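**Student:** got a structure for you, letters missing:
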């Protein structure tokens, strides 16, 4: 800019320099996302979308492989029946994992409460409603025990629930004498324990009350997590417990209620399992812990906490059921069914890690 320029010209030149600088800054701030990055953003904002897509693709693929038998109303309703108990355990597990914890005792709580209900209602002859109520209260108490050990003694959730799993499993064997309660005895003395095994049939499908119960549990928990202050606190604890505490959330109290609610859901699943299996065995659903975690992981709920929808666990359980049913109808050996589920878990965790690395 020359010294002979007029003040007006100097002002115009200065404004042009400013405009050019602003344009450069604006150009620098604009980020051009690739298609893959846009997909990453969408999945980050809608974590349940992944299991929904996988479920739809699985249904389509096994429909082609297994033919019309797969899409028969009877087979589809059978899949729902098969995943109903694990689905309830997955609902309980989801509550814990959203808080960045894990519960290895969910299946042990479920079986222990079913054994307690059976002993009280069948062996001791107490009125069945009382036996069921004691079992439900016992489930909440077992969950509270986990929660207090974690919050008051500051034990890691993994170690705590690994220990209580052993405790509850030993109590199962002690209370039952390692003996099952037969279906005939339940029918004779406490038929209400089999209530959720009853079913309604229509159009070739057979929907048990246990399936209805599973869907109802997921619906209630979804509402609690997404429409209440308690639910917002649960997600906040999973995202960053220290920050949640600094914001005024009573984190320990909330965590105890989460574990209590999970224990109650496990006890309800214990009642439903009697109708599903027909008998009460202290060693049933031995792999329920791993299966519940499998459903949660495949359902897109982050193992790091604070992200994911509980409905994803329902879709995760259904995906496992669809894979098992489709592979069975296709004549695949059970060994390779387990092999396929293992790869599903690895892929689900890899996708979760990829989605968590989403750029701002």
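**Tutor:** Cool, got the structure. Bear in mind the structure is a predicted one, so any value in this text is a computation, not a measurement.
**Student:** mind checking how far stretch 301-317 is from the chain centre?
**Tutor:** 5 Å (C-alpha atoms, centre = their mean, to the nearest Å).
**Student:** actually stretch 322-332, not the one I wrote
**Tutor:** 23 Å.
**Student:** Now do the buried residues in that stretch.
**Tutor:** 322-329, 332 (16 or more other C-beta atoms under 10 Å). From N, CA and C alone the C-beta is placed, and that goes for glycine too.
**Student:** would CSV of those with distance to residue 81 and secondary structure be doable?
**Tutor:** Shown next, in CSV, are the buried residues of stretch 322-332 (distance: C-beta to C-beta, whole Å; DSSP: H, G, I helix; E, B strand; the rest coil):
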residue, distance to residue 81, secondary structure
322, 13, helix
323, 16, helix
324, 12, helix
325, 11, helix
326, 16, helix
327, 18, helix
328, 14, helix
329, 16, helix
332, 21, coil
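**Student:** ok, of those residues, which one's closest to residue 121?
**Tutor:** residue 324 (32.1 Å; C-beta to C-beta).
**Student:** same for the helix or strand encompassing residue 150, what does it pack against?
**Tutor:** Assigned by DSSP states H and E, residue 150 falls within helix 128-151. When contacts are defined as 3 or more C-beta pairs under 8 Å, 6 or more residues apart in numbering; DSSP states H and E, helix 128-151 sits against helix 106-118, helix 157-176, helix 251-277.
**Student:** tell me the most buried of the ones you listed?
**Tutor:** helix 106-118 (a mean of 30; mean count of other C-beta atoms under 10 Å).
**Student:** And the average pLDDT for that helix is what?
**Tutor:** Across helix 106-118, the average pLDDT comes to 96.
**Student:** Which strands and helices lie in contact with it?
**Tutor:** Helix 106-118 packs on helix 73-98, helix 128-151, helix 157-176, helix 251-277, helix 288-298, going by 3+ C-beta pairs under 8 Å, 6+ apart.
**Student:** That one to helix 73-98, inter-axis angle?
**Tutor:** Between helix 106-118 and helix 73-98, the angle comes out at 110 degrees (axes from the mean of the first three to the mean of the last three C-alpha atoms, to 10 degrees).
**Student:** Helix 106-118: how far from the chain's middle?
**Tutor:** For helix 106-118, the distance to the chain centre is 19 Å (C-alpha atoms, centre = their mean).
**Student:** same question, stretch 264-283
**Tutor:** The answer for stretch 264-283 is 18 Å, by C-alpha atoms, centre = their mean.
**Student:** do stretch 285-304 as well
**Tutor:** The answer for stretch 285-304 is 6 Å, by C-alpha atoms, centre = their mean.
**Student:** Also stretch 151-168?
**Tutor:** That offset, for stretch 151-168, works out to 19 Å (C-alpha atoms, centre = their mean).
**Student:** Could you do stretch 319-332 as well?
**Tutor:** 21 Å.
**Student:** next one: stretch 278-292
**Tutor:** 17 Å.
**Student:** Could you do stretch 310-324 as well?
**Tutor:** 9 Å.
**Student:** same question, stretch 224-234
**Tutor:** 16 Å.
**Student:** Report the buried residues of it.
**Tutor:** Of the residues in stretch 224-234, those buried (16+ other C-beta under 10 Å) are 225, 231, 233-234.
**Student:** How about residues contacting that stretch?
**Tutor:** 95, 98-99, 235, 244, 249, 251, 254, 257-258, 309-310 (C-beta atoms under 8 Å, 6 or more residues apart in numbering).
**Student:** By pLDDT, give me the weakest of the residues you listed.
**Tutor:** Out of the contacts of stretch 224-234, that is residue 309, at 90.
**Student:** quick one: it and residue 315 touch, right?
**Tutor:** No. Using C-beta atoms under 8 Å, residue 309 is not in contact with residue 315, being 9.2 Å away.
**Student:** picking up where we left off before, dump the buried residues of stretch 322-332 to TSV, plus pLDDT.
**Tutor:** What follows is the buried residues of stretch 322-332, written out as TSV (pLDDT from 0 to 100):
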residue	pLDDT
322	90
323	88
324	87
325	88
326	88
327	86
328	87
329	86
332	83
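**Student:** Make TSV from the residues you listed and add distance to residue 340 to it.
**Tutor:** Shown next, in TSV, are the buried residues of stretch 322-332 (distance: C-beta to C-beta, whole Å):
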residue	distance to residue 340
322	11
323	6
324	9
325	12
326	10
327	6
328	11
329	14
332	8
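**Student:** and the two most separated of those residues?
**Tutor:** Between any two of the buried residues of stretch 322-332 (C-beta to C-beta), the greatest distance is 13.3 Å, for 322 and 332.
**Student:** Residue 261 versus residue 179, what's the distance?
**Tutor:** The gap separating residue 179 from residue 261 is 31 Å, by C-beta to C-beta, to the nearest Å.
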